[in-house]
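# how would this look folded up:
(chains A and B)
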Protein chains: 2
Amino acid sequence: MEDNFATALRQTAELMERELDRFLPTTSSLERELCEAMRYATLSGGKRLRAFLVIQCADLFSVSRDYSVRVAAALEIMHTYSLIHDDLPCMDDDDLRRGIPTVHKKFDETLAVLAGDALQALAFEILADPATHPSGSVRAMLVGRLAQAAGMRGMVGGQTMDIYANNEDISLATITRLQQLKTGALITFACEAGALLGHASPAQISALKAFAHDLGLAFQITDDILDAEGEVEEMGKATRKDEDAGKATFVSLLGLEKAKIHANMLSKQAIGHLSMFKGNADLLMDAARFTVTRRR
Amino acid sequence: MEDNFATALRQTAELMERELDRFLPTTSSLERELCEAMRYATLSGGKRLRAFLVIQCADLFSVSRDYSVRVAAALEIMHTYSLIHDDLPCMDDDDLRRGIPTVHKKFDETLAVLAGDALQALAFEILADPATHPSGSVRAMLVGRLAQAAGMRGMVGGQTMDIYANNEDISLATITRLQQLKTGALITFACEAGALLGHASPAQISALKAFAHDLGLAFQITDDILDAEGEVEEMGKATRKDEDAGKATFVSLLGLEKAKIHANMLSKQAIGHLSMFKGNADLLMDAARFTVTRRR
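Presented below is the predicted three-dimensional model:
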């Protein structure tokens, strides 16, 4: 039987499919191919864990779902753009994503670059819209924080490190920093955004950012574990690519067993940061557990 | 002797080099190659006409240069990202830009995609920062308008049309719409942003947007004329590419003489929209004249 967390995560995923559908262009409104590529990439499922974190963190402060769902949609759109560009031939050169062909395989490279570019702009457009929050300062702050998380000192910086890192020099400290930028920054934004929408106190914001930091790292270590253990069919994307490419991962640096212990420890540590929210953060605690127990 | 307009445009270009330098990362602060690619593309000169329009339109309303220069920098950064991605092999495949190798030629394709992605995020980060305007609503509005101008219904939409358009079907109406999206949207944002910073009246905003609309189109027609007439050395980029590719342009559709007449007419029409600003808009009127008389 599905538990509370699994139900909430599934409901979020279903909600996001509907919401994202509303934000994306329809074929009649602009270039058909661009529109199709944007929709194909964004509406192809996914766990929507980032959306879940935005909504659950905002719920802690009784923020209207009208607001938090828009921020969640903007974040999923930003995440989707990064996946499209990361999969490009000049990046990780992946053919499969979420079990279906990547955008440049289904369409072409040109549309993959353009659809990614348009999705990044769309994410900021959604955040800046008055419907996202009545306060212009809150909207501007959300834009500023997402821009930092996505840009040169966040996601793009991490992706650059990942591609150009000299694998022989990579230490646990380096890969931790790399992943904190590449995937951690958007996850931290998810939790911080929920708090910003709810005018949370500095202490509450710090606690949620610390939670996100540990959860994000546990998430990435688990990704490496699943990549080393998993099968293509289960994961919906190519597996053991890192191993085949001789690329440093948490598993190659720590070994499988120590990597699992490290991920579990981080998950517990993440949960510890939520103590101030008492019984209100049960679903966020479940999310931290799910992060390390998931099979894909 | 240099006239007032030429002096003001040159001073803006010099100012922008200094300001953009401040906003761009230094090599010590992140991945060296990403940083170098971002700086190389952004600080390679250029007329800085978009920055000039932001600053001059804001000056009409006595906006502090502290604000307008930041918006101008954000816009030049957004424009730079679009040039990097447009030059990619999977797009227009250009080797030369502003007289020097394009980013993917000087560095590689990977860094060209990443530097463009990071520059787009940086543009929004600058706009959202409290230093750009004291009002959060104004900052959020600037972000929203730039996101629309840059995204699927603006610049990226226009670039998609440009690449996938069936040349045999292109009419004057189609190419006008295409260019209005591809280059006009950012030029319109430049003028609108100056007005938004200055809390301009709806009538003033409309006048400046109409000015920008006509100037943007005159600018693009002149680009096509220069492309048909110019030499590589003078233009700093490959010329007659469109002609060689059998691509529809204003010149191929109208012929050289009618294209010149059309551009001049639009330039005069642009100037007409500024009548309500009396003697305060002389430099903007000069900009409209420059748009059609420039040699590169």
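# when you work out contacts or count neighbours from here on, use the C-alpha atoms and nothing else.
Fine.
# please, which helix or strand holds residue A:75?
Assigned by DSSP states H and E, residue A:75 falls within helix A:65-87.
# quick check: buried residues in that helix?
For helix A:65-87, a neighbour-count test (16 or more other CA atoms under 10 Å in any protein chain shown) marks A:67-87 as buried.
# of those residues, which ones also sit close to chain B?
The subset of the buried residues of helix A:65-87 within reach of chain B, by CA under 8 Å from any CA of the partner chain, is residue A:85.
# ok, back up a step: packing partners for the helix holding residue A:75?
On a contact count with 3 or more CA pairs under 8 Å, 6 or more residues apart in numbering or on different chains; DSSP states H and E, helix A:65-87 meets helix A:4-23, helix A:32-42, helix A:49-59, helix A:109-128, helix A:185-197.
# want to throw these into a markdown table with mean neighbour count?
A markdown table is the format used below for the helices and strands packed on helix A:65-87 (neighbours: other CA atoms under 10 Å in any protein chain shown):
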| stretch | mean neighbour count |
| --- | --- |
| helix A:4-23 | 16 |
| helix A:32-42 | 21 |
| helix A:49-59 | 25 |
| helix A:109-128 | 26 |
| helix A:185-197 | 28 |
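# of all these, which lies closest to residue B:19?
Nearest to residue B:19 among those is helix A:109-128; the distance by CA to CA comes to 23.4 Å.
# tell me the SS of residue A:92?
Secondary structure, DSSP: H, G, I helix; E, B strand; the rest coil: residue A:92 is coil.
# who are the contact partners of it?
Applying CA atoms under 8 Å, 6 or more residues apart in numbering or on different chains to residue A:92 gives the contacts A:86, A:163.
# how close does it sit to residue A:82?
Per CA to CA, to the nearest Å, residue A:92 is found 12 Å from residue A:82.
# what about the strands in the stretch 101-250 of chain A?
Taking DSSP state E, counting those that start in this stretch as the test, none of the stretch 101-250 of chain A falls into strands.
# got the residues of it near chain B?
Applying CA under 8 Å from any CA, we find that the stretch 101-250 of chain A lies next to chain B at A:109-111, A:113-114, A:117-119, A:121-122, A:124-126, A:128-129, A:135-141, A:143-145, A:147-148, A:150-153, A:156-157, A:160-161.
# biggest helix in chain A, by residue count?
Longest helix of chain A, by residue count under DSSP state H: helix A:202-229.
# relative orientation of that helix and helix A:49-59 in degrees?
Relative orientation of helix A:202-229 and helix A:49-59, computed by axes from the mean of the first three to the mean of the last three CA atoms, to 10 degrees: 160 degrees.
# helix A:202-229: how far from the chain's middle?
Distance of helix A:202-229 from its chain centroid, counting by CA atoms, centre = their mean, to the nearest Å, is 11 Å.
# just the angle for it relative to helix A:185-197, thanks.
Calculated by the same axes, to 10 degrees, helix A:202-229 forms an angle of 150 degrees with helix A:185-197.
# go through helix A:202-229 and flag the buried ones.
In terms of neighbour count (16+ other CA under 10 Å), helix A:202-229 has its buried residues at A:204-228.
# and for stretch A:279-295?
Buried, per 16+ other CA under 10 Å, within stretch A:279-295: A:280-292.
# dump the helices and strands packed on helix A:65-87 to CSV, plus mean pLDDT.
Listed next are the helices and strands packed on helix A:65-87 as CSV, based on pLDDT from 0 to 100:
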stretch, mean pLDDT
helix A:4-23, 89
helix A:32-42, 94
helix A:49-59, 97
helix A:109-128, 98
helix A:185-197, 97
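# residues contacting the nearest residue to residue A:132 once chain neighbours are set aside?
In space, and not counting its chain neighbours, residue A:132 is closest to residue A:67: 4.9 Å by CA to CA, 6 or more residues apart in numbering or on different chains. Going by CA under 8 Å, 6+ apart, residue A:67 touches A:131-133, A:197.
# change it to 10 Å
Residues counted as contacts of residue A:67 (CA atoms under 10 Å, 6 or more residues apart in numbering or on different chains) are A:55, A:58, A:127, A:130-134, A:194, A:197-198.
# likewise for residue A:286?
By CA under 10 Å, 6+ apart, the contact set of residue A:286 is A:3-6, A:267, A:271.
# my guess is it is in a helix, correct?
Yes: counting by three-state DSSP, one finds residue A:286 located in a helix.
# ok, it to chain B distance?
In this view, residue A:286 and chain B are 32 Å apart by CA to the nearest CA, to the nearest Å.
# what pLDDT does that residue get?
Listed pLDDT for residue A:286 reads 95.
# please apply the same query to the one 5 residues further on.
As summarised for this prediction, residue A:291 has a pLDDT of 94.
# contacts only, for it.
Residues near residue A:291 by CA under 10 Å, 6+ apart: A:49, A:215-223, A:263-264, A:267, A:285.
# one more time with 8 Å, if that's ok
Contacts of residue A:291 (CA under 8 Å, 6+ apart): A:215, A:218-219, A:222, A:267.
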